[in-house]
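Undergrad: attaching a predicted model along with its sequence, questions to come.
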Amino acid sequence: MLWPMIAVALGFLGLAVLGVLAVRVFVEVRRLARQVGQTSERIQRAAEDLERAAAPLAARGGRAKG
């Protein structure tokens, strides 16, 4: 009767460890998703800035070529 009780206790402990790890993974995934969102916003702003900066050059066209 001792071995089945040990097996049940170890099974419960294993499930508890898996639950804790699942919560940690969930928290890290949310943090990563937040960082990806912020980074994509920064990339979008940089692309808009680049487009605004390139507009005068595009308006001049090929006139700068000699």
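TA: Done, it's in.
Undergrad: now the helices for the protein?
TA: Under the criterion DSSP state H, the chain contains helices at 2-60.
Undergrad: low-confidence ranges, it, go.
TA: Residues of the chain meeting the criterion pLDDT under 70: 62-66.
Undergrad: give me that answer again for 50
TA: By pLDDT under 50, the weakly predicted segments of the chain are 66.
Undergrad: what about V23, how many neighbours?
TA: Neighbour count for V23, taken as other Cβ atoms under 10 Å: 10. In this view, the C-beta of every residue, glycine as well, is placed from N, C-alpha and C.
Undergrad: ditto for E41
TA: Neighbours of E41 (other Cβ under 10 Å): 10.
Undergrad: now the one 4 residues further on
TA: As a burial measure, the neighbour count of R45 was computed by other Cβ under 10 Å and equals 10.
Undergrad: how close does it sit to A54?
TA: Noted for R45: a distance of 15 Å to A54, by Cβ to Cβ, to the nearest Å.
Undergrad: ok, T39 next?
TA: Distance from T39 to A54, by Cβ to Cβ: 22 Å.
Undergrad: and for E28?
TA: Here the criterion is Cβ to Cβ. By it, E28 lies 38 Å from A54.
Undergrad: check L18 too.
TA: As judged by Cβ to Cβ, L18 and A54 stand 52 Å apart.
Undergrad: what comes up buried for stretch 35-47?
TA: For stretch 35-47, burial by neighbour count (16 or more other Cβ atoms under 10 Å) applies to no residue.
Undergrad: CA atoms of it as PDB?
TA: Listed next in PDB are the C-alpha coordinates belonging to stretch 35-47 (Å, rounded to 0.1, in the frame of the first residue of the first chain):
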ATOM      1  CA  GLN A  35       7.100  43.800 -26.600                       C
ATOM      2  CA  VAL A  36       6.300  42.600 -30.100                       C
ATOM      3  CA  GLY A  37       3.400  45.000 -30.200                       C
ATOM      4  CA  GLN A  38       5.500  47.900 -29.000                       C
ATOM      5  CA  THR A  39       8.300  47.100 -31.500                       C
ATOM      6  CA  SER A  40       5.900  46.900 -34.400                       C
ATOM      7  CA  GLU A  41       4.500  50.300 -33.500                       C
ATOM      8  CA  ARG A  42       8.000  51.700 -33.400                       C
ATOM      9  CA  ILE A  43       8.800  50.200 -36.800                       C
ATOM     10  CA  GLN A  44       5.600  51.600 -38.200                       C
ATOM     11  CA  ARG A  45       6.500  55.100 -36.900                       C
ATOM     12  CA  ALA A  46      10.000  54.800 -38.300                       C
ATOM     13  CA  ALA A  47       8.600  53.700 -41.700                       C
END
